[in-house]
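mind folding the following:
(chains A and B)
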Number of protein chains: 2
Amino acid sequence: MTDTETFCRAAAALLGPRGFTRDADALEPWLTDWRGRYTGTALGLASPTSTIEVAQFVKLCAEHRIPIVPQGGNSGMSGGATPDPDGTSVILSLRRMAEIRSFAPASEQITCDAGVVLQTLHETAAEKGLRFPLTLGGKGSATIGGLISTNAGGTQVLRHGTMRAQVLGLEAVLADGSVFSNLVPLKKDNRGFDLKQMLIGSEGTLGIVTAATLRLLPDIADRRVVWVGLENLTQARALLRHCEAAAGAALEGFEVLPAHCLDAVLDYLPDARAPLTSPHPWYALIELVASRGAADRLDQLTETVFTEAMERALLGDAVIASSEQQAEDFWQLRESISPAERAIGPAMQHDISVPVDRMPDFVDSVSPEIEHAFPGTLALGFGHLGDGNIHYHVLAPADAIPGDWEAGDGKAISAMVHDRVTEFGGSISAEHGIGQMKRDELGRLGDPVALGMMRAVKQALDPQGILNPGKLVPLAPSAAST
Amino acid sequence: MTDTETFCRAAAALLGPRGFTRDADALEPWLTDWRGRYTGTALGLASPTSTIEVAQFVKLCAEHRIPIVPQGGNSGMSGGATPDPDGTSVILSLRRMAEIRSFAPASEQITCDAGVVLQTLHETAAEKGLRFPLTLGGKGSATIGGLISTNAGGTQVLRHGTMRAQVLGLEAVLADGSVFSNLVPLKKDNRGFDLKQMLIGSEGTLGIVTAATLRLLPDIADRRVVWVGLENLTQARALLRHCEAAAGAALEGFEVLPAHCLDAVLDYLPDARAPLTSPHPWYALIELVASRGAADRLDQLTETVFTEAMERALLGDAVIASSEQQAEDFWQLRESISPAERAIGPAMQHDISVPVDRMPDFVDSVSPEIEHAFPGTLALGFGHLGDGNIHYHVLAPADAIPGDWEAGDGKAISAMVHDRVTEFGGSISAEHGIGQMKRDELGRLGDPVALGMMRAVKQALDPQGILNPGKLVPLAPSAAST
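Residues are numbered from 1 along each chain as shown, chains lettered A, B, ... in the order given. The predicted model follows:
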């Protein structure tokens, strides 16, 4: 019996038939990332139901040196949860660990297993008049463990921060099967290195998140959603500053999009209508919110903020959604940009950030450069201006051959975008993570000192390299060049 | 020539006569911590003036395996910046690196050298209508580098978080003399492990902070400071919850103290007066603030919050400071507790946290236990109830012999306090750090898995062990037992 077979038998004995399978049909959905960019194979699929089972299983993997690919909802953007094609690794799904362990509404805290789906968390919080202040398109499949491991973002980061800011306590299984347990939240704790933050965003390369204690906030009592027409991104930035100063904590979101994105969405959604009657080069979608007790002042605040903005020529035109339905319609325009762009044809998509103040410069200088270097392309930025994070898409020329274009010009365009982002002091991954998609680009453009620290920490905490190998951490220069 | 002499000559050649000294008088003030608990000796005192000099000096130390004790204002609470008595290490002072590198008031960001003193930062921010939202007693000496390395707290953590939450970008010199440079702040950046947070609070054991980019906030336009009389800590906790719900972001501080602390302060400060005419077992000091534009609503908010609290029997009595002078007087009562207690006699002081909800239980159950086990002692907790962090002091019996008592009963009392804190899921160091003072207690009571991770990370980033050895990171069990 080979060692692999020994391992698989031991895994099956440990986890039972529902907990460990090698059945091809059962494995198939989890071997490809949801965007269809990466496909791998795996020895088997492990689905433990408790932290103890995860720990025992990881220990077994460590004994046999079997690489582990942790997986939550399989809705990541960078292939971080997809196994290698060589088939030597095992997928460790956290989806069967989906209990709410404890919920203390009065303390505004909830402790969940890693496999709890984001939408379930939202619904559980809402039942008690609370909310979890992070959401994103994949909320119906994304799990708490995956969101923590990738430090997920979304449209509420401006006000509430990324996943990193929501995690009060964490439990994770380390590479040797030991359990790091730090679920009891302390507001102040200065007992050494911040191991919790080290694990958050490490994409399963330092440990496997099994549970977390999360902060909740009082539910929103009311919101005002405003659609604004703008001349350019510089005006958008000025309006953002004004909203931050004038609305303060009430400013919940500030998204921008160019005219082309709105046009694409209007083509894509037959029933959708442009919020403003006349066209503008740029638009902003702004949300102001109020909690219970402050809701009666929300109309007045919205009025003040936007009247003053109008007087100071910080916007071209604006419309306040007159109903919750219209507010949702406005948001649907924003959320349909990605599918609408995809319907047009191939595009290279970049999830980048630069310092907030430099974003207008970045778009205004880099877009013409790319469109000049690659005739027929169209470069578009949209998204979270308030965070300095835009999704920067470069659409292929009309005559591009899908597949060929991405592998040729597309790749060169991405390298150019990443080069420019780096020159602007920005990040080649603002919120989607590194995974396998951007690992080599991080190796090419990352600060060598920071990369050295990452490799050293990875080696220290996972000396056998069994936790999600090939993801996130770029190879050392000597290894990469061989 | 010994290797030590070779090193010292090379250091003097590198840094010049002002940058490196072995003069006993020049060294003397920096060999003892400000509370006089620890005294060491050192090979010399290095005072570089730039990051490049720090890097070159650390490289030199690495070549000669000379241990480095980084030091800012030398106002730490745990002996973390005091060298060992064996005299083999060198003190690396950052005090001569004290430039503001850049200040962008519109972006509410400032980049400072590590040696900038906190009070200077406050004054620089105030000149532009901004503020840095962290302060503490030692603000006239504490440096930005020291505050970051110890993840300092203070009285504004409730609303604004510890130092960890203020740092947008960081520069640090690592154990091999390489420079980790991450000063350009990005609101979103998912390029791997959070190395910045790993360095913050690591007490100079993983790297030497040389500069940071910090967030600033709009200055406060007005404040209301309220002194409240209370029955017990359970009532204080209920009042805290009410204030959080009713005042929201306006709640800037919530400190508690027992009657004994107020009495001690009134004895200690001859001109001070009790804010309330009748005595109460406990008091709370509460601050509500407003930024520009919201100041006119502050009186109404304060009125609403405390009228409602009175109606709901959440307090015994309350007085709102009628002037800024009186507000300062109220705060002076709070800030004089530590010196007032010291004037009474010896005390064992503990900087602890437990989950906020469990704090009343902790004090109510542990204090009688200690006072029973050690007759004549008095156990008192005061401080940051909103953070679950209290300074828990146990006063010696009147007939205790100073020195003897601390070494005997005092030590046993501290062990008992730390045992109970650990049972309550709390931290033996909420904000003062570990340094040399609590290193062995952390080794005794810390989670072995977390300690193992800390040791592995320390070994990975400082394999020679030259960065502040003997501080923070407990020895491995095998080494500790030999």
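
drop to CA atoms for contacts and neighbour counts, all remaining ones
Fine.

any idea whether the closest residue to residue A:398 other than its chain neighbours is helix, strand or coil?
In this structure, residue A:398 finds its nearest non-sequential neighbour in residue A:376, 7.2 Å apart by CA to CA, 6 or more residues apart in numbering or on different chains. Under the three-state scheme (DSSP: H, G, I helix; E, B strand; the rest coil), residue A:376 adopts coil.

correct me, but residue A:376 touches residue A:394?
No - between residue A:376 and residue A:394 there is no contact under CA atoms under 8 Å: 10.2 Å.

which of the two has more neighbours?
residue A:394 (25 against 15; other CA atoms under 10 Å in any protein chain shown).

which residues does that one form beta bridges with?
residue A:348, residue A:379 (DSSP bridges).

surely it touches residue A:375?
No - using CA under 8 Å, residue A:394 makes no contact with residue A:375, being 11.4 Å away.

re the thing from before, let me see the contact set for the residue nearest to residue A:398.
Residues in contact with residue A:376 (CA atoms under 8 Å, 6 or more residues apart in numbering or on different chains) are A:396, A:397, A:398.

show me the contact partners of the biggest helix by length in chain A.
Secondary structure assigned by DSSP state H gives helix A:3-19 as the longest helix of chain A. The contact list for helix A:3-19 (CA under 8 Å, 6+ apart) reads A:20-21, A:43-49, A:53, A:56-57, A:60-61, A:64.

spell out which parts of the stretch 301-450 of chain A neighbour chain B.
Residues of the stretch 301-450 of chain A lying near chain B by CA under 8 Å from any CA of the partner chain: A:353-357, A:387-389, A:425-434, A:442, A:449-450.

out of those residues, which are inside helices?
Per DSSP H, those map to helices at A:442, A:449, A:450.

most surrounded residue in those residues?
Counting by other CA under 10 Å, top hit in these: residue A:442 with 23 neighbours.

residue contacts, the nearest residue in space to it that is not next to it in sequence?
Counting by CA to CA, 6+ apart, residue A:442 lies nearest to residue A:474, which is 6.7 Å off, once chain neighbours are set aside. By CA under 8 Å, 6+ apart, the contact set of residue A:474 is A:439, A:440, A:442, A:443, A:451, A:455.

which of the residues you listed sit farthest apart?
Largest separation among the contacts of residue A:474 by CA to CA: A:440 and A:455, giving 13.9 Å.

compare neighbour counts for the two and give me the winner.
For the pair residue A:440 and residue A:455, the greater number of neighbours falls to residue A:440 (19 against 16), based on other CA under 10 Å.

thinking again about what came up before, show me which pair in the contacts of helix A:3-19 is furthest apart.
A:49 and A:64 (21.6 Å).

so the two - more neighbours on which side?
The residue with more neighbours, out of residue A:49 and residue A:64, is residue A:49; 20 against 14, by other CA under 10 Å.

re the thing from before, which of the contacts of helix A:3-19 fall in strands?
Residues of the contacts of helix A:3-19 located in strands (DSSP state E): A:20, A:21, A:45, A:46.

return the member of these nearest to residue B:155.
Proximity to residue B:155 was ranked across those by CA to CA; first place goes to residue A:46, at 47.8 Å.

dump the residue contacts of whatever residue of the stretch 51-200 of chain A ends up closest to chain B.
Per CA to the nearest CA, residue A:189 is where the stretch 51-200 of chain A lies closest to chain B, at 4.3 Å. By CA under 8 Å, 6+ apart, residue A:189 lies in contact with B:353, B:427, B:429, B:430, B:431.

any chance of JSON lines for the residues you listed, columns neighbour count and distance to residue B:126?
Putting these into JSON lines (neighbours: other CA atoms under 10 Å in any protein chain shown; distance: CA to CA, whole Å) gives the following:
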{"residue": "B:353", "neighbour count": "32", "distance to residue B:126": "32"}
{"residue": "B:427", "neighbour count": "25", "distance to residue B:126": "34"}
{"residue": "B:429", "neighbour count": "23", "distance to residue B:126": "31"}
{"residue": "B:430", "neighbour count": "27", "distance to residue B:126": "29"}
{"residue": "B:431", "neighbour count": "25", "distance to residue B:126": "26"}
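
in JSON lines: the residues you listed, plus pLDDT and distance to residue A:124.
Below are these laid out as JSON lines (pLDDT from 0 to 100; distance: CA to CA, whole Å):
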{"residue": "B:353", "pLDDT": "94", "distance to residue A:124": "29"}
{"residue": "B:427", "pLDDT": "96", "distance to residue A:124": "30"}
{"residue": "B:429", "pLDDT": "96", "distance to residue A:124": "34"}
{"residue": "B:430", "pLDDT": "94", "distance to residue A:124": "31"}
{"residue": "B:431", "pLDDT": "93", "distance to residue A:124": "34"}
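
now intersect these with the strands, please.
Judged by DSSP E, these include residue B:353 as members of strands.

the contacts of residue A:189 also near chain A: which ones?
Answer for these near chain A (CA under 8 Å from any CA): B:353, B:427, B:429, B:430, B:431.

run a quick neighbour tally on the residue nearest to residue A:437 when sequence neighbours are not counted.
Take residue A:437 and drop its neighbours on the chain: the residue closest to it by CA to CA, 6+ apart is residue A:78, 5.1 Å away. Residue A:78: 23 surrounding residues under other CA under 10 Å.

how near is residue A:78 to residue A:149?
The gap separating residue A:78 from residue A:149 is 13 Å, by CA to CA, to the nearest Å.

got it, and residue A:316?
41 Å.

which of the two has more residues huddled nearby?
residue A:149 (28 against 15).

isn't the more buried one up against residue A:205?
No - between residue A:149 and residue A:205 there is no contact under CA under 8 Å: 9.0 Å.

how about stretch A:305-314: buried residues?
By neighbour count on 16 or more other CA atoms under 10 Å in any protein chain shown, the buried set for stretch A:305-314 is A:305, A:306, A:309, A:314.
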